[in-house]
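Peer 1: Quick one, structure for this:
(2 chains)
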Amino acid sequence: MSAPVLEAWNISKRFGSEYAVRGVSLTVEAGTAVCILGPSGSGKTTFIRCLNHLEEPDEGYVFIEGEPLGFTRRGDVFQQVSRRELPRQRRKLGMVFQQFNLFDHMTALENVTEAPCKVLRRPKAEAHAAGMALLERVGLADRAHHYPRELSGGQQQRVAIARALAMEPRLLLCDEPTSALDPEMVHEVLQVLGSLVAEGMTMVTVTHEVGFAREVAERFVFMEGGVVVEEGDARNLTTTGVTEERTRSFLAKVL
Amino acid sequence: MRRNVGTKVLGVLAAALLAFFIQGIARNSAVQWRVVGSYLFSGPILTGVLRTLLITAVAIVIAIVLGVLLANMRLSRNRVLQAVNGIYVWFFRSIPLLVLLIIAYNFSLLYAHLSLGVPFGPAFVSFTTTHVFTALTAAIITFGLQQAAYTSEVIRAAIMSVPPGQVEAAETLGMTYWGAMRRIVLPQAARVALPPVANETINLCKSTALVAFISVPDLLYSVQEVYSANFKVLPLLVVATIWYTVIVSVMSLAQWWLERSMRIDRRVATIAVTAEVLR
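Peer 2: Numbering: from 1, shown residues only, chains lettered A, B, ... in the order given. All right, here's what the predicted structure looks like:
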């Protein structure tokens, strides 16, 4: 049996003496989607940022297809990798941010083709064609030559998804992908993410959209105070379906 | 209404004063405009102008490249790099430019020979300092190194103005630190840094007149050489003044043009208009 796409072991992260995340583990098999829910300040964003070492965990390891992120394995010894090696390992993980973080000085298409051209050294024409196909995929081929500031929030987020997909990641991390959007734009972004999962994309999403989690994800993880309170089948995400009282009271507030 | 009348009166008065002043210089016989005209485009003067431009251009390029490095040292989490940057900026901001210039000119007193080789080991090539380190190179290096201390702070501020999310996005796409710096951060920082850096370039250009102290034949020194021979001091200083004014004006124009072409919304507007026309 092949290794899971992602395996996080006992991840902890401190800011000062405060634990933001304490001993969280997560396994994600290929082709599955996991949603992380929880009140603000529960450590879910810090945790997802630990998964690609945007925050370096103080304790614990992240394995991508069996390979420890940030380390090389020499027998039983883990050796920290150089600053050049980490970017190479990270390519397997795409990320979509709450604030989109599109490159402001580049058009939508340039945003999508930048990394394939400069990191993977793909020929320009090839990257261009692939980029257009991806923009088509998220329904924005007609906005290819627009700059981020000319696009709505929903459109920017869809470009950001296309940009992450351009690196052909094994796993897509989404950190509250719809939290910065106006309500009428939430749907278009969730629809794109949902169709990706339907096509077999492996995904970890931090979200407040319980309906989306129930519909699209296989599993949910509920975090509070930096620890996992409950995890289970995403279809059970109702006030009667969950077992923990804290999960139930959270769902009662957001549903 | 009343304020409007007041400003108009002031405007007319200012214009009259300016006209009076210009007329006063233009008709002053001591200026000897004919002499000014005959030297304005003469060989030695033009060579001097070119040399002033050369020193300015090479020095500002050194300052920007070194400034980017120094800014990154300062922004690094490595304490040693931060300290090296701190000492550099402190040192070069502490010494008057003229003092530094004269020290550089006498660099051979400090080190008579320069060698390229293994530290404390054998040397591959060795030069006599005075051969490599001419007055001109001494000047260029001095201005470049000192300007870098100031420019690095401007560049640091500009880099900090780029939202951290931009670097994070680049990192998640597999870019290295310097890859992200070059492709994502610096192009956006450049828009912020351009006005102050242009300002510094103009300032630097005028400061290069100090090289006259170490006999580098720049614009001012060339003018001095001519008037020390023919004693037409004032007309030749007017020649220098005219050239410095022209150089700075061209630089200001270049700055205006660069700033305009860097404004993204403007570029977008142009593209949109072109698209409309083509349709």
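
Peer 1: right, and A:L134 touches A:V112 too?
Peer 2: Yes. With contact defined as CB atoms under 8 Å, A:L134 counts as touching A:V112 (5.7 Å). Every residue, glycine included, has its C-beta placed from N, CA and C.

Peer 1: where does the chain have low pLDDT?
Peer 2: I'll assume chain A. A:1 (pLDDT under 70).

Peer 1: please go with chain B instead
Peer 2: For chain B, the ranges with pLDDT under 70 are B:1-3, B:112, B:115, B:129-132, B:264-279.

Peer 1: so what's in contact with A:L134 and A:V112 at the same time?
Peer 2: Taking CB atoms under 8 Å, 6 or more residues apart in numbering or on different chains as the criterion, A:L134 and A:V112 both touch A:A162, A:A166.

Peer 1: who has more neighbours, the two?
Peer 2: The residue with more neighbours, out of A:L134 and A:V112, is A:V112; 32 against 23, by other CB atoms under 10 Å in any protein chain shown.

Peer 1: any idea which helix or strand carries that one?
Peer 2: A:V112 is part of helix A:108-118, with elements assigned from DSSP states H and E.

Peer 1: Run through the neighbouring helices and strands of that helix.
Peer 2: helix A:124-137, helix A:153-165 (3 or more CB pairs under 8 Å, 6 or more residues apart in numbering or on different chains; DSSP states H and E).

Peer 1: Can you get me a residue count around residue 101?
Peer 2: You didn't say which chain, so I picked chain A. Neighbours of A:N101 (other CB under 10 Å): 23.

Peer 1: Let me rephrase: I mean chain B.
Peer 2: That count, for B:L101 with other CB under 10 Å as the rule, works out to 25.

Peer 1: One more: B:M73?
Peer 2: 20.

Peer 1: so how far is chain A from it?
Peer 2: 15 Å (CB to the nearest CB, to the nearest Å).

Peer 1: buried ones in the helix or strand that that residue is a member of?
Peer 2: According to DSSP H and E, B:M73 maps onto helix B:43-75. For helix B:43-75, a neighbour-count test (16 or more other CB atoms under 10 Å in any protein chain shown) marks B:45, B:48-49, B:51-53, B:55-56, B:58-60, B:62-64, B:66-74 as buried.

Peer 1: Packing partners of it?
Peer 2: For helix B:43-75, the packing partners by 3+ CB pairs under 8 Å, 6+ apart are helix B:79-94, helix B:135-160, helix B:186-207, helix B:219-230, helix B:233-262.

Peer 1: Most tightly packed of the ones you listed?
Peer 2: The highest average neighbour count among these, using mean count of other CB atoms under 10 Å in any protein chain shown, belongs to helix B:135-160 at a mean of 22.

Peer 1: elements contacting that helix?
Peer 2: helix B:43-75, helix B:79-94, helix B:97-105, helix B:186-207.

Peer 1: That helix versus helix B:97-105: what angle between them?
Peer 2: Helix B:135-160 runs at 130 degrees relative to helix B:97-105, counting by axes from the mean of the first three to the mean of the last three CA atoms, to 10 degrees.

Peer 1: Can you tell me how far the residue nearest to A:F71 when sequence neighbours are not counted is from A:N10?
Peer 2: Once flanking residues are discounted, A:F71 sits nearest to A:F78: 4.2 Å by CB to CB, 6 or more residues apart in numbering or on different chains. Distance, A:F78 to A:N10, by CB to CB, to the nearest Å: 14 Å.

Peer 1: shared neighbours of these two, anything?
Peer 2: Counting by CB under 8 Å, 6+ apart, the residues touching both A:F78 and A:N10 are A:Y61.

Peer 1: How far off centre is the helix holding B:M73?
Peer 2: 6 Å (CA atoms, centre = their mean, to the nearest Å).

Peer 1: Could you do stretch A:107-117 as well?
Peer 2: Here the centre of stretch A:107-117 is set off from its chain's centre by 19 Å, with CA atoms, centre = their mean.
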